[in-house]
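[1] pasting a predicted model and its sequence here:
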Amino acid sequence: MKKKPTLFIAVCLIPTLLLTIGLMVIPMCNAVYLSFTDSTALSTAQTRQFIGLENYIYMFKDKSFIQALGNTMKLLLVVPVVTLFFSLIFAFLLTQSRIREKGFYRSVFFFPSVISLTVVGIIWSFVFNPTKGILNHILAFLKLENLQHAWLGESKTALWCVAAALIWQAAGYYMVMYIASIDGISEEVYEAAAIDGAGAFQKFKCITVPLLRNTIGITYVLALSGTINLSFTLSNVMTAGGPNGASSVLLQYMYTQGMRNANYGYSMSIAMFTLLMAIILAVISRKVTHNNEG
Amino acid sequence: MKKSLKRFVALASTLCLMLGAVGCGSEASPAQQSAEPDTTPQAEASTEKATIDDTENQELNIAVFQGGFGDAYWNAVVELFEKTHEGVKVNMTISPTIAEIIRPQIVAGNAPDFISLNDSAEDGLILSLIKENALLDITDVFDGDNYAGTGKLRDDIKDGLLESKKCAPYTDDKRIYLAPFNTGPQGLVYNKTAFDQKGWKIPETWDDFFALGDTVQADGRSLFTYQGIYPGYLEEMLWPAIASACGMDAIEKIWAYEEGSFNNPEVLAVLQKFADISKNGYMLPGTVGMNHTESQSEMMLGKAAFITNGTWMESEMAEAPREEGFEFAMAPTPSMKAGDTHYVLDSCEQFSIPAAAKNPELAKEFLRFLYSDESVKLFAEKAGAVMATKTGRELAKDYISTATYNMYGIYDEPNTASLIMNFEALPENCKINVSDEVFNPMISLFNGEITAEEWAESVEAAFAQIRADKAK
């Protein structure tokens, strides 16, 4: 057996390791520490005080935090599921159907993942614009004026407008992952099913979904963390968290407290809470999909 | 030995992978940003106090917010300052996102010598510097001579500004920490041509205001619009309305976060007027979903009779399409009763010098220079606006547009007074953003999702938290 170049690997790892420690481990530990202090933008190691769990206690009395948490939860419940649903359908259609413009659609669906998230936010702001937006114009054209809204300005609709933009930009990304996985399923399985008289829906339900279960599990975790991260940018660009906090999300509130109100300590405790939440959700969803496999 | 190396490789690669995964699930960047605030700006405070006569080879680092006034004035005034102060080199950073640029520098103990940025800016930088007592006391600049040497600088500044919370933010210490930049009225902007042609009169009271609403509706306009998703603009109406109806004492109590200052019956009556704008259909449909440029465009196209704004609107919307013959004019916020004082909120922005400035004496000299006649004229010429000096408006007359000059005339109307607002400095570590707490609920109010009482209660709750933080 050939000897493994262990020393060489170790040396190659050093730069990455140093970067990881310098840019992730130390700041992360620092963030954990700061979350237990009353640190502000200008406070120093001498002036900041250790205040124990005070930030965490304040958090649950802070109505803006609770509101942001609620909004994030709503998004986490809806966005990943809907995104993956569309991704699966698109992937299935583009691999199994006989549409001639497959390549074109594949590019079109993937396109939103290529453009900057800020641009996505601006595009959707135009779509939802109350006077010039295409959505209200379509509704007017269909004589559905009573369904028109100031979409981004009303508490009931603002968060779901952000959700729509999130789904639109992410669906194509996961679609590509599913296409790759579906390509890995032997053509013979589908042919055999077709011979047995299975229609497209049955093929989808009985072959594609079960065989992709593992991929779906992983993409679900990715979609969860994606939703937590990306909702910040979109909600910032589209609504600035408004109206009256109706579309604010956790990371945005963290940013507001840290950068606008200069409360680094409090901001870090919100970050820690979000991190913990993300890890717990990821573990749970992995557990669930693994159990299903067994 | 071999074994431990292998173990190290395995451990290290797992660590990298793990953190990569965690990083993907959380937002790691703020944590990174927070990793470095360990330098003390105060500790590094200037040791090289230079006298003003000796400006040889001195550098001045200034940071300027580039807003509606553009950069032409700043480029010109810096050039003039360098010319008149031999040996001085001014390094200017000017940007619409100046706070994002200088915040990390300040945190790292490398503060600029002079900042031109407003405390009501969205970024909150100046507010946090006030909160953390990180600004330099500049009372001596105003107690000293003006640049021309003809008298005290204090006497040149527009009345009322230096004593206001805008410039002296701490209650227990009346000293000046922020210098006034510009001055300008803010109120209800309307199209003078349309009003003249149709014979509409400027409403004096809220009743007149709503009556005019019915008239303009017949003409196919809504009565009112504002900057939609940025409800902060409504301060231009809310504070004058409260000051007019309840008096200056009442409003001072609000700005000091006193209990019961916002939910008492007098203030509630004013808040109700705002609810009525929308409830009775006087608001331009869709306003709550628009941004500032959208709502301003709609107003200029004749969709609404009034919009809250300041004198800068003329230059801000220079390229925007408009109704035939559109001419900018400004009316004050209506009062409850005829004969009540109309208040006009002043749009004063601020200069400041960080306590950690490396060259504070030169920064003070620069500040003094900015109020000189040469600079005031330059400001009018290049930015079309008026510096906060007593002679500012007259010196600017030849340079600013007639419409802008006339908008400044709002102060000369009978029964009209200037209102300079600012909340008292927040206690350090306070997690409340007062402006958000007061104005964000107004969108919900306009949407009919909350009542004026609920709005008042939520503001009172925020005030209570601020008082609790203060008592700590």
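    Received, thanks. Numbering: from 1, shown residues only, chains lettered A, B, ... in the order given.
[2] the nearest residue to A:Leu34 once chain neighbours are set aside sits in which helix or strand?
    Excluding the flanking residues, the one nearest A:Leu34 by Cβ to Cβ, 6 or more residues apart in numbering or on different chains is A:Met268, at 4.3 Å. Just so you know, the C-beta spots here come from the backbone N, C-alpha and C atoms, and that holds for glycine as well. Here A:Met268, judged by DSSP states H and E, is contained in helix A:264-293.
[3] what about the helices in the stretch 51-200 of chain A?
    A:54-59, A:63-96, A:102-114, A:117-127, A:134-141, A:155-183, A:187-195, A:200-203 (DSSP state H, counting those that start in this stretch).
[4] now those in TSV, with distance to B:Val88, mean pLDDT and mean neighbour count?
    Output for these, formatted as TSV (distance: least, Cβ to Cβ, whole Å; pLDDT from 0 to 100; neighbours: other Cβ atoms under 10 Å in any protein chain shown):
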stretch	distance to B:Val88	mean pLDDT	mean neighbour count
helix A:54-59	45	93	18
helix A:63-96	46	94	19
helix A:102-114	49	89	14
helix A:117-127	40	94	17
helix A:134-141	55	94	15
helix A:155-183	50	93	21
helix A:187-195	78	88	12
helix A:200-203	77	86	13
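[5] between the ones you listed, which gets nearest to chain B?
    Chain B sits nearest to helix A:155-183 of all those, at 5.5 Å, using Cβ to the nearest Cβ.
[6] after the helix or strand containing A:Thr16, which helix or strand is next? Please name it.
    If you go by DSSP H and E, A:Thr16 is part of helix A:6-20. Per DSSP H and E, the first helix or strand lying C-terminal to helix A:6-20 is helix A:26-34.
[7] list the buried ones in that next one?
    Neighbour counts over helix A:26-34 (16 or more other Cβ atoms under 10 Å in any protein chain shown) mark A:Pro27, A:Met28, A:Asn30, A:Ala31, A:Leu34 as buried.
[8] who in the stretch 301-450 of chain B is up against chain A?
    B:Glu428, B:Asn429, B:Cys430, B:Lys431, B:Ile432, B:Asn433, B:Asn440, B:Pro441, B:Ile443, B:Ser444, B:Asn447, B:Glu449 (Cβ under 8 Å from any Cβ of the partner chain).
[9] surely the last one touches A:Ala158?
    The one in question is B:Glu449. No: in this structure, B:Glu449 is not within contact of A:Ala158 by Cβ atoms under 8 Å, at 11.5 Å.
[10] tell me how many other residues crowd the nearest residue to B:Phe328 once chain neighbours are set aside.
    Once flanking residues are discounted, B:Phe328 sits nearest to B:Ala403: 4.2 Å by Cβ to Cβ, 6+ apart. Neighbours of B:Ala403 under the rule other Cβ atoms under 10 Å in any protein chain shown: 16.
[11] how about B:Ala403, what does it touch?
    Neighbour list for B:Ala403: B:Lys192, B:Glu314, B:Glu327, B:Phe328, B:Ala329 [criterion: Cβ atoms under 8 Å, 6 or more residues apart in numbering or on different chains].
[12] got phi/psi on it?
    With angles defined as degrees, to the nearest 10, B:Ala403 sits at phi -60, psi -50.
[13] so how far is B:Gln197 from it?
    Using Cβ to Cβ, to the nearest Å, B:Ala403 is found at 16 Å from B:Gln197.
[14] contact partners for the residue nearest to A:Phe86 when sequence neighbours are not counted?
    Leaving aside its sequence neighbours, A:Phe86 sits nearest to A:Ala171 (Cβ to Cβ, 6+ apart; 4.4 Å). Counting by Cβ under 8 Å, 6+ apart, A:Ala171 touches A:Thr83, A:Phe86, A:Ser87, A:Phe90, A:Phe109, A:Pro112.
[15] do that again at 10 Å, thanks
    Neighbouring residues of A:Ala171 by Cβ atoms under 10 Å, 6 or more residues apart in numbering or on different chains: A:82-91, A:109-110, A:112-113, A:223.
[16] again with B:Trp74
    For B:Trp74, the contact set (Cβ under 10 Å, 6+ apart) comprises B:Ile62, B:Val64, B:Phe65, B:Gln66, B:Val90, B:Met92, B:Ile94, B:Ser116, B:Leu378, B:Phe379, B:Lys382, B:Ala383.
[17] using PDB, write out the CA atom coordinates for stretch B:230-248.
    The C-alpha trace of stretch B:230-248 is given here as PDB (Å, rounded to 0.1, in the frame of the first residue of the first chain):
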ATOM      1  CA  TYR B 230     -39.900  56.200   5.600                       C
ATOM      2  CA  PRO B 231     -42.400  57.500   8.200                       C
ATOM      3  CA  GLY B 232     -39.600  59.500   9.900                       C
ATOM      4  CA  TYR B 233     -40.400  62.400   7.500                       C
ATOM      5  CA  LEU B 234     -43.600  62.800   9.400                       C
ATOM      6  CA  GLU B 235     -41.700  64.500  12.200                       C
ATOM      7  CA  GLU B 236     -41.900  67.600  10.100                       C
ATOM      8  CA  MET B 237     -45.600  67.600  10.900                       C
ATOM      9  CA  LEU B 238     -46.000  65.700  14.100                       C
ATOM     10  CA  TRP B 239     -43.800  67.900  16.400                       C
ATOM     11  CA  PRO B 240     -45.100  71.200  15.000                       C
ATOM     12  CA  ALA B 241     -48.700  70.000  15.400                       C
ATOM     13  CA  ILE B 242     -48.100  69.000  19.000                       C
ATOM     14  CA  ALA B 243     -46.200  72.100  19.800                       C
ATOM     15  CA  SER B 244     -48.900  74.200  18.400                       C
ATOM     16  CA  ALA B 245     -51.800  72.500  20.100                       C
ATOM     17  CA  CYS B 246     -50.200  71.600  23.500                       C
ATOM     18  CA  GLY B 247     -47.400  74.200  23.900                       C
ATOM     19  CA  MET B 248     -43.700  74.100  24.100                       C
END
